[in-house]
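Asks: fold the stuff below for me.
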Amino acid sequence: MKTFDTDFLRKLDRLVLQGSKVVQGGTGGNRRSKAKGSDIEFSDFREYTLGDDYRSIDWNAYARFERLFIKLYMEEREANITIFLDTSASMDQGEPNKGTLAKKLAAIFAYMALANYDRVGIASLQDASWSQLPYFSGKPGFTRALEFIDELPFGGETHLNQSIPAFVPLQGRKGISIVLSDFFDREGYKEAFEYLKFQQQDIMAVQILSPEELDPQLSGALRLIDSETLEAVEVEISPHTLNLYQNALHGFLKDFKETCSRLQAASLQVSSDISLDLLVFEKLQQAGMIR
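Replies: This is a model prediction of the structure:
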């Protein structure tokens, strides 16, 4: 995955993820204020991680436990940002490749969260299981996030209703969950979204489809193979067949939007050929995911 240039990252520094349930107090703006002082109500401790402000270290706690902890204040409670990246075989399709865009978008979300002092966890979803980069914070961790995302392989099937509820590290972490997928899942994804709401997550869902999936240019007798199950079907592509496909696609896309609306999830549907600038600096903001 090509790294982002300095100008692009500088633009990202001015953006923050939108979320309504991630803070236990505080005002607008960044979820974690850089301000320190006795006028801010003390809230909690957490263990020091690379990239934290060393001035927040509680040396009394260090004297007792011989481990570094920092103080958190009510206005400084970090948001827990969980990025779910669908790495099933269907995501490794399309021109441009859907998975490539999803990986770039996962990295962009991670960068914005880290720049805003949030804690980020990244989960790769494949079949009914997951692999993860454990939660971390601090901008220096962005390189680690890039490496993890870049090395993720694609393969297997999509089972969001199984893999997302099985993600144990999410439990008890009120925050924001971002799901990046084509949502081509025979079992659906509604149970996964309902589980996220039960876990007090603000959901952001980006559905990525390829230009060929949105407007297939096919004709004649073809043998179509499912990229995940490898099941094959012989079809005769005609204008009537394409019309049936477009009707089914319209219903699929409409169901996604209605599901997200019902669960108060911010949603966006994009083609994999969209430019990053248009996606990040216009579409994501219009969808209410960032500001």
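Asks: so where's the protein uncertain?
Replies: Scanning the chain for pLDDT under 70 picks out the ranges 2, 19-46, 49-52, 72-77.
Asks: give me phi/psi at Leu17?
Replies: When read as degrees, to the nearest 10, the backbone of Leu17 gives phi -70, psi 140.
Asks: number of residues surrounding it?
Replies: Leu17 has 23 neighbours, counted by other CB atoms under 10 Å. (Glycine included, C-beta is placed from N, CA and C.)
Asks: show me what it is bridged to.
Replies: Beta-bridge partners recorded for Leu17 (DSSP bridges): Ile290.
Asks: report the contact partners of it.
Replies: Leu17 makes contact with Ala79, Ile81, Phe109, Met112, Ala113, Asn116, Asp118, Ile176, Met204, Met289, Ile290 under the criterion CB atoms under 8 Å, 6 or more residues apart in numbering.
Asks: wait, which of these is closest to Pro153?
Replies: When these are compared for distance to Pro153 (CB to CB), Phe109 comes out closest, at 20.5 Å.
Asks: gap between that closest one and Ala89?
Replies: In this view, Phe109 and Ala89 are 23 Å apart by CB to CB, to the nearest Å.
Asks: who's more crowded, the two?
Replies: Neighbours were counted for Phe109 and for Ala89 using other CB under 10 Å; Phe109 has more, 27 against 20.
Asks: my read: Leu180 touches Ala106, true?
Replies: Yes: if you go by CB atoms under 8 Å, Leu180 and Ala106 touch, sitting 5.9 Å apart.
Asks: what's the overlap in contacts for the two?
Replies: Common neighbours of Leu180 and Ala106, counting by CB under 8 Å, 6+ apart, are Ile83, Leu85.
Asks: mind listing residues that contact whichever helix in the chain runs longest?
Replies: Longest helix of the chain, by residue count under DSSP state H: helix 239-262. If you take CB under 8 Å, 6+ apart as the criterion, helix 239-262 is touched by 183, 189-190, 193, 203, 205, 207, 213-214, 216, 218, 235, 265-267, 269.
Asks: strands of the protein, residue ranges please.
Replies: With DSSP state E as the criterion, the chain has strands at 42-47, 69-73, 80-86, 119-126, 129-136, 175-181, 201-209, 220-225, 232-237, 266-271.
Asks: now do the helices in the stretch 1-150 of the chain.
Replies: In the stretch 1-150 of the chain, the helices defined using DSSP state H, counting those that start in this stretch lie at 6-12, 59-65, 98-115, 142-150.
Asks: tell me the most buried of those?
Replies: Highest mean neighbour count of the helices of the stretch 1-150 of the chain: helix 98-115, a mean of 23 (counted as mean count of other CB atoms under 10 Å).
Asks: helices and strands around that one, which ones?
Replies: Helices and strands touching helix 98-115, by 3 or more CB pairs under 8 Å, 6 or more residues apart in numbering; DSSP states H and E, are helix 6-12, strand 80-86, strand 119-126, helix 142-150, strand 175-181, strand 201-209.
Asks: show me how far the first one is from its chain's centre.
Replies: If I follow you right, that is helix 6-12. 19 Å (CA atoms, centre = their mean, to the nearest Å).
Asks: which other helices and strands contact it?
Replies: Using 3+ CB pairs under 8 Å, 6+ apart: helix 6-12 touches helix 98-115.
Asks: and with 10 Å instead?
Replies: Helix 6-12 is packed against helix 98-115, helix 276-278, with contacts defined by 3 or more CB pairs under 10 Å, 6 or more residues apart in numbering; DSSP states H and E.
Asks: how about the second one?
Replies: When contacts are defined as 3+ CB pairs under 10 Å, 6+ apart, strand 80-86 sits against helix 98-115, strand 119-126, strand 129-136, helix 142-150, helix 160-163, strand 175-181, helix 190-198, strand 201-209.
Asks: so which of the helices and strands packed on helix 98-115 is nearest Trp59?
Replies: Nearest to Trp59 among the helices and strands packed on helix 98-115 is strand 119-126 (22.9 Å), distances taken as CB to CB.
Asks: now do the closest one and strand 175-181, the angle between them.
Replies: Counting by axes from the mean of the first three to the mean of the last three CA atoms, to 10 degrees, strand 119-126 points 30 degrees away from the direction of strand 175-181.
Asks: strand 119-126 pairs with which strands, and in what direction?
Replies: If you go by DSSP bridges, strand 119-126 pairs up with strand 80-86 (parallel), strand 129-136 (antiparallel).
Asks: by how many degrees do that strand and helix 98-115 diverge?
Replies: Calculated by the same axes, to 10 degrees, strand 119-126 forms an angle of 160 degrees with helix 98-115.
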